[in-house]
Each structure stands twice: as C-alpha cells, then as structure tokens.
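In: Need a 3D model of the sequence below.
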Amino acid sequence: MTLQACLLLAFLLFAIGVYGILTRRNAIGILISMELMLNAANINFIAFAHFRALDATAGAVFSLFIIAVTACEMAIALAIAIAVYRRHGHLDVDELTELRDPDV
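Out: Just a heads-up that it's a prediction; the model follows:
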C-alpha cells in the first residue's frame, strides 16, 4: 500500500464523517461520524510516520493518544446522550435546547 492510497482512504473516511455530522439528527449517529473522522486522522498519522518520518513510532504514539482521548470523549458524550434520552425520550438534536445558552 502506498502513501497515496492511505491518504485516499483517510480522505474518504473523513468525508463520510463530515457528511454524517452534517446530515444526522440523531446524537448517536453524530458521535459515530466523529469517530470516523478521528480514525481518518489516525490513518494519516500512521501513514506519514511509516512512509516519511525518521522515527516510525511517532505516528503510533500520536494514534494511541488520540484513541485514549476519543474513548474518554465518547464515554462522556454517551453518558450525556443517555441522560437526555431518559429525560426527553428522543435524541433529535434539532429539538434539544436544554444545553443551549439562554443568552444566545
């Protein structure tokens, strides 16, 4: 696999993630799309580390850091989504105004 193929795969994953964020109304679908975008960034880090960097472990270290931060982020986001679903009975983000700033 070449660097161009890795970059194309990462671009496609990122584009699917952006499309998912822009078109989804369900909070869980938006979280999955964000996960796709972060995985695209991981593919870029590892591909550039493998093909271009002097130290091949740098991409793996960045990817592990992103995976750890993403796991924490998703745990908090899913906890918020579960709390909102218990209170409202749906996760339609267009109708949820509970977390919005009242001054806006």
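
In: How far does the longest helix along the chain sit from its chain's centre?
Out: Counting by DSSP state H, the longest helix found in the chain is helix 57-88. In terms of Cα atoms, centre = their mean, to the nearest Å, the centre of helix 57-88 is found 8 Å from the chain centre.

In: Give me the mean pLDDT for that helix.
Out: Mean pLDDT, helix 57-88: 86.

In: what about Leu22, which helix or strand?
Out: Using DSSP states H and E, Leu22 sits within helix 3-23.

In: tell me which residues in that helix are buried?
Out: Neighbour counts over helix 3-23 (16 or more other Cβ atoms under 10 Å) mark 6-7, 10, 13-14, 17, 20-21 as buried. C-beta here means a position set from N, CA and C on the backbone, and glycine is covered the same way.

In: list the helices and strands the helix or strand that it is followed by packs on?
Out: Sequence order places helix 27-51 as the next helix or strand after helix 3-23, per DSSP H and E. Secondary-structure packing of helix 27-51 (3 or more Cβ pairs under 8 Å, 6 or more residues apart in numbering; DSSP states H and E): helix 3-23, helix 57-88.

In: mind putting those in TSV, distance to Glu95 included?
Out: Output for the helices and strands packed on helix 27-51, formatted as TSV (distance: least, Cβ to Cβ, whole Å):
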stretch	distance to Glu95
helix 3-23	16
helix 57-88	8
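
In: Ala47 is nearest to which of the ones you listed?
Out: helix 3-23 (3.6 Å; Cβ to Cβ).

In: contact partners of the closest one?
Out: For helix 3-23, contacts defined as Cβ atoms under 8 Å, 6 or more residues apart in numbering pick out 29-30, 32-37, 39-41, 43-44, 46-48, 51-52.
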